[in-house]
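**Q** just coords:
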């Protein structure tokens, strides 16, 4: 694989604007977008998804990780991840994938 191909292969699935900050607490977390003056609360599963997004995972990869963590809930996981990603996009907290 050449260098440009390697760069494309390593490109994160989602792009998080530089203005978004993450605060983590014992119950989940909060996303703060300092440009939009937006505060978005996350429960523990939402925080887990957010951390996977920040680690470069795409939607299908996130679903696979959660299916391993929560066996027996594949359909619900798929629908919930898709809905969560749509919500993040609608609030301009992520782009891509």
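**A** Right, received. Where do you want to start? Keep in mind that what you see is a predicted model, and the values were worked out from it rather than measured.

**Q** Burial check on the closest residue to residue 65 other than its chain neighbours, number of neighbours?
**A** Excluding the flanking residues, the one nearest residue 65 by CB to CB, 6 or more residues apart in numbering is residue 52, at 6.0 Å. For glycine as for every other residue, the C-beta is placed from the backbone atoms N, C-alpha and C. Taking other CB atoms under 10 Å as the criterion, the count of residues near residue 52 is 21.

**Q** Helices along the protein, start to end?
**A** Listed in chain order, the helices of the chain (DSSP state H) span residues 3-9, 44-54, 59-69, 74-90.

**Q** one step back: next, work out how far apart the residue nearest to residue 65 and residue 36 are.
**A** For residue 52, the distance to residue 36 equals 23 Å [CB to CB, to the nearest Å].

**Q** got it, and residue 24?
**A** 20 Å.

**Q** Residue 58 against residue 49, yeah?
**A** No. With contact defined as CB atoms under 8 Å, residue 58 and residue 49 do not form a contacting pair (11.7 Å).

**Q** who has more neighbours, those two?
**A** Between residue 58 and residue 49, counted using other CB under 10 Å, residue 49 has the larger neighbour count: 24 against 16.

**Q** which residues touch that one?
**A** If a contact means CB atoms under 8 Å, 6 or more residues apart in numbering, then residue 49 has 62, 66, 81, 84 as its contacts.

**Q** likewise residue 34?
**A** So, once contact is read as CB under 8 Å, 6+ apart, residue 34 ends up touching 19, 20, 21.

**Q** What I need now is the contacts of residue 49 written out in CSV, including distance to residue 29, neighbour count and pLDDT for each item.
**A** What follows is these, written out as CSV (distance: CB to CB, whole Å; neighbours: other CB atoms under 10 Å; pLDDT from 0 to 100):
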residue, distance to residue 29, neighbour count, pLDDT
62, 16, 25, 96
66, 17, 21, 96
81, 17, 20, 96
84, 13, 18, 97
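
**Q** of all the residues you listed, which two lie farthest apart?
**A** For those, the maximum inter-member distance is 10.5 Å, found between 66 and 84 (CB to CB).

**Q** related to what we said a few turns ago, of the contacts of residue 34, closest to residue 91?
**A** Closest approach between those and residue 91, by CB to CB: residue 20, at 9.8 Å.
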